[in-house]
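> One predicted model, sequence on top.
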Amino acid sequence: MEENEQSARGLHFVGKKDELIEAKRSFRSIEDRDILIIYHQGVFYAMDSYCYHAGGMLNNGDIEEINSKLCIICPKHKYKLTLAKGECLYKGNNPKEKPPVPRWYSKGVKQRTHTVTENNGEIYVKLSDNPNWIESDYYQGEKGKIERAKAEASEKETS
């Protein structure tokens with residue numbers, strides 16, 4: 001694939017497949033977005049690298065299967081985000097059920113995810129073209145850097 005054909009299709013080269021597999025998790029900045037690329041169980045995923053909730057870095061989060069969905073667990077506050085769609089899952093009880101049984105529920109998509117493709121051993125990311133606001137957008141770019149610093153400072157004050 002020619003370089004100008006890649007950029008015309010919105011594809012950004014992020015690394016060689018073998019290197020990204022070995023790394024398991026890789027951080028890249030693409031068009032002022034900080035992206036986490038994850039290789040897990042034979043599949044590549046890409047999502048905004050800062051948790052939508054308080055800007056925590058997701059790169060050290062554990063990956064667990066929750067309600068049949070692979071999730072990364074934010075190390076900061078244990079928010080559970082699906083790798084495939086960026087949906088936030090939580091466990092709760094329906095008070096109308098007698099007796100209430102804890103179940104997994106979705107808060108909806110909170111973390112922006114991006115498309116990963118492979119071509120001849122090279123991995124590309126296409127940034128999400130969803131025009132709607134997704135909460136992880138808050139911690140991206142220059143403004144996001146300031147907001148992450150504020151969140152970090154307020155967390156230090158309360159601990």
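Received it, and whenever you're ready, just let me know what you need.
> C-alpha from now on. contacts and neighbour counts both.
Fine.
> Show me which helix or strand of the protein is least confident by mean pLDDT.
helix 3-8 (a mean of 56; mean pLDDT, DSSP states H and E).
> That one: what's the following helix or strand?
Using DSSP states H and E, the helix or strand that follows helix 3-8 in sequence is strand 11-16.
> Show the secondary-structure elements that that next one is packed against.
In terms of contacts (3 or more CA pairs under 8 Å, 6 or more residues apart in numbering; DSSP states H and E), strand 11-16 is packed against strand 122-126.
> how about the strand it packs on: buried residues?
Across strand 122-126, burial judged by 16 or more other CA atoms under 10 Å covers Ile123, Tyr124, Val125, Lys126.
> what do you get for stretch 101-116?
Quick answer for stretch 101-116 (16+ other CA under 10 Å): Val109, Lys110, Gln111, Arg112, Thr113, His114, Thr115, Val116.
> Now do the strands in the chain.
11-16, 25-30, 33-40, 43-48, 63-66, 69-73, 80-82, 87-92, 103-109, 113-119, 122-126 (DSSP state E).
> Check those strands for me and report the most buried one.
Neighbour counts (mean count of other CA atoms under 10 Å) averaged over each of the strands of the chain peak at strand 80-82, with a mean of 27.
> Just checking: what are the partner strands of that one?
strand 69-73 (antiparallel), strand 87-92 (antiparallel) (DSSP bridges).
> and it, how far out from the chain's middle?
Relative to its parent chain, strand 80-82 has a centroid offset of 8 Å by CA atoms, centre = their mean, to the nearest Å.
> can you tell me the average pLDDT over that strand?
Average pLDDT, strand 80-82: 98.
> One more: stretch 25-34?
96.
> Ends of it, what's the gap?
13 Å (CA to CA, to the nearest Å).
> Also stretch 129-139?
First-to-last residue span, stretch 129-139, CA to CA: 17 Å.
> mind listing what's buried in it?
Neighbour count says stretch 129-139 has Ile134, Ser136, Asp137, Tyr138, Tyr139 buried, by 16+ other CA under 10 Å.
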